[in-house]
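[1] take this sequence and fold it.
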Amino acid sequence: MIHFSITVALYGLKLYLYVILIQTQSKDTAMAKRKEIVDMLKKSLKANGITYAEVAERLGLSEISIKRNFSQKNFTLDRIDEICDLMSIDLTDLVRLADDERKKISSLTVEQEQELVADLKFLLVAICVQNAWQMDEIIEYYDISKAECIRYLIRLDRQGLIHFLPNNRIRRLLAHDFRWLPQGPIETFFEKNVQNEFMSSQFIKGGELRIYMTGMLSRNSLNTLKEKMQLLARECSSLQQDDARLPARSRFNTGMIMAIRPWELSVFAKMKRQDTIRPGNIAYNRAS
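    Numbering: from 1, shown residues only. Down below sits the predicted model:
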């Protein structure tokens, strides 16, 4: 009886806290909070290797219903609590994880990027951290001493990129959609030092692929391809998040460049008649 009473009391407390969390906020804020919690629920299931089919079986629902509920962000407290039980976590843990995700940063300031570029070892450690390396893996693979690595990790902690925890553990604070600043110090560094080196390959070894295509496309087709490239970039980020759980030795430093633009090879462009203008040669941005 005592155990039952404690269980009921704890459940009532969770219900109270959740209701207070949602109902004391504006409608838009409450909806955003609910979306964050359901999104984190989805990520937690994926991280724990639990499928929608397993959730459906546990809740006595169809897999289609579970997929629809996740799509519509439509779950009751009871449902969320039951799904949390599948992962052996509590609702309060889920809310905390959602709050932590919201606080993650998606980009750095210009000054922060400049600080990284000014010290290549610091930049290397930052990229390793972005790729979910732990400190022992960094110093084992690269010629960086433990003392150096600790100093760099402390600097990253001060920048807000990580929490440097006891026992030299690293907790990343980078959002899943983290990007370097467009045309910022890091991108400029890569354009100057990386682009030519990356492309100086025949792309015939295992894991390598190069596709070059040229042709004439309409503005609508160009926009369609750009959207598909952005989807592929998001898929790449998602795979990187999934693989972050693996040890560094099981993953490969991988580069992928995607680029598209209205363009004509200069040796061909020089052969154009000066008094001839094709419709497709009108500046893309000017006609957009």
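[2] switch to C-alpha atoms for all contacts and neighbour counts from now on
    Fine.
[3] so how far is Leu222 from Leu59?
    Leu59 is 45 Å from Leu222, where distance means CA to CA, to the nearest Å.
[4] what of Gly215?
    In terms of CA to CA, Gly215 sits 11 Å off from Leu222.
[5] these two: which has the busier surroundings?
    Between Gly215 and Leu222, Leu222 has the larger neighbour count (other CA atoms under 10 Å), namely 15 against 7.
[6] doesn't the more buried one belong to a helix?
    Yes - under DSSP: H, G, I helix; E, B strand; the rest coil, Leu222 falls within a helix.
[7] list the contacts for the residue nearest to the spatial centre of the chain?
    Central residue of the chain (CA atoms, centre = their mean): His176, 2.0 Å from the mean position. Contact partners of His176, counting by CA atoms under 8 Å, 6 or more residues apart in numbering, are Ser106, Ser237, Ser238, Gln241.
[8] list buried residues within the residues you listed.
    Among the contacts of His176, those buried by neighbour count (16 or more other CA atoms under 10 Å) are Ser106.
[9] so which of the contacts of His176 comes closest to Lys121?
    Ser106 (22.1 Å; CA to CA).
[10] from the contacts of His176, which single one is nearest Lys226?
    Checking the contacts of His176 against Lys226 by CA to CA gives Ser237 as the nearest, at 16.7 Å.
[11] distance of the closest one from Ile64?
    Going from Ser237 to Ile64 by CA to CA gives 27 Å.
[12] check Ile127 too.
    When distances are taken as CA to CA, Ile127 and Ile64 turn out to be 40 Å apart.
[13] for Leu94, same thing?
    24 Å.
[14] next one: Glu191
    Using CA to CA, Glu191 is found at 46 Å from Ile64.
[15] again, but for Leu156
    43 Å.
[16] the more surrounded of those two?
    Leu156 (21 against 12).
[17] ranges for the strands of the stretch 51-200 of the chain?
    For the stretch 51-200 of the chain, the strands defined by DSSP state E, counting those that start in this stretch occupy 162-165, 169-172.
[18] for Met40, which of these is the nearest?
    Evaluated over the strands of the stretch 51-200 of the chain, closeness to Met40 peaks at strand 169-172, with 16.1 Å, by CA to CA.
[19] in that closest one, what counts as buried?
    By neighbour count on 16+ other CA under 10 Å, the buried set for strand 169-172 is Ile170, Arg172.
[20] now that strand - C-alpha only, CSV.
    Extracted in CSV, the C-alpha atoms of strand 169-172 (Å, rounded to 0.1, in the frame of the first residue of the first chain):
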residue,chain,number,x,y,z
ARG,A,169,34.5,13.9,-20.6
ILE,A,170,33.1,16.2,-23.3
ARG,A,171,29.5,17.1,-23.7
ARG,A,172,28.8,18.9,-27.0
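[21] next one: it to chain centre, how far?
    16 Å (CA atoms, centre = their mean, to the nearest Å).
[22] coming back round to it: distance to Glu140 added to the strands of the stretch 51-200 of the chain, as CSV?
    Shown next, in CSV, are those (distance: least, CA to CA, whole Å):
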stretch, distance to Glu140
strand 162-165, 19
strand 169-172, 15
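[23] let's have these in CSV, adding distance to Cys84 and mean pLDDT.
    CSV is the format used below for the strands of the stretch 51-200 of the chain (distance: least, CA to CA, whole Å; pLDDT from 0 to 100):
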stretch, distance to Cys84, mean pLDDT
strand 162-165, 26, 89
strand 169-172, 22, 88
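[24] right, and those - which one's nearest Ser250?
    It is, among the strands of the stretch 51-200 of the chain and with distance given as CA to CA, strand 169-172, at 18.7 Å.
[25] if we can go back for a sec, which single one of the contacts of His176 is nearest to Leu123?
    The closest of the contacts of His176, once distances to Leu123 are taken by CA to CA, is Ser106, at 17.0 Å.
[26] and the spatially closest residue to that closest one that is not a sequence neighbour, what does it touch?
    Nearest non-adjacent residue to Ser106, counting by CA to CA, 6 or more residues apart in numbering: Phe178, 4.0 Å away. For Phe178, the contacting residues are Ile105, Ser106, Ser107, by CA under 8 Å, 6+ apart.
[27] which one of the residues you listed is nearest Arg251?
    Ser106 (23.2 Å).
[28] the closest one against Asp177, yeah?
    Yes - counting by CA atoms under 8 Å, Ser106 sits close enough to Asp177 to count as a contact (6.0 Å).
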